[in-house]
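Asks: no sequence for this one, just the structure:
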């Protein structure tokens, strides 16, 4: 199990990376990155478990990749549900 600080670090890294990849604005600031990354870690863990792989295992690159994939899924779902508007 990750400690609270570990979840925050993984969440911050994964959330920030996901916001760079997914077009459009994300939830605000560092706190938004952490929330997206931590929720993404749970989503990524569920997806990876579904396909027979391990989920977040600690403070390591694999866990950041799992959380990143989950955060990207989360941001795409948020964009889909909120109907992101393009600036023209």
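Replies: Right, received. Where do you want to start? Nothing here was measured: the structure is a model prediction, and the numbers come from that model. Residues are numbered from 1 along each chain as shown.
Asks: Does residue 64 touch residue 16 like I think?
Replies: No. Under the criterion of CB atoms under 8 Å, residue 64 makes no contact with residue 16, lying 10.5 Å away. C-beta: built from backbone N, CA, C; applies to glycine.
Asks: For those two, indicate the residue with more neighbours.
Replies: Using other CB atoms under 10 Å, the more surrounded residue of residue 64 and residue 16 is residue 64, with 22 against 18.
Asks: sec struct for residue 54, please.
Replies: The local conformation at residue 54, judged by DSSP: H, G, I helix; E, B strand; the rest coil, is coil.
Asks: The spatially most central residue of the chain - nearest residue in space that isn't next to it in sequence?
Replies: Geometric centre of the chain, nearest residue: residue 71, 2.2 Å, by CA atoms, centre = their mean. Closest residue to residue 71 apart from its sequence neighbours, by CB to CB, 6 or more residues apart in numbering: residue 40 at 2.8 Å.
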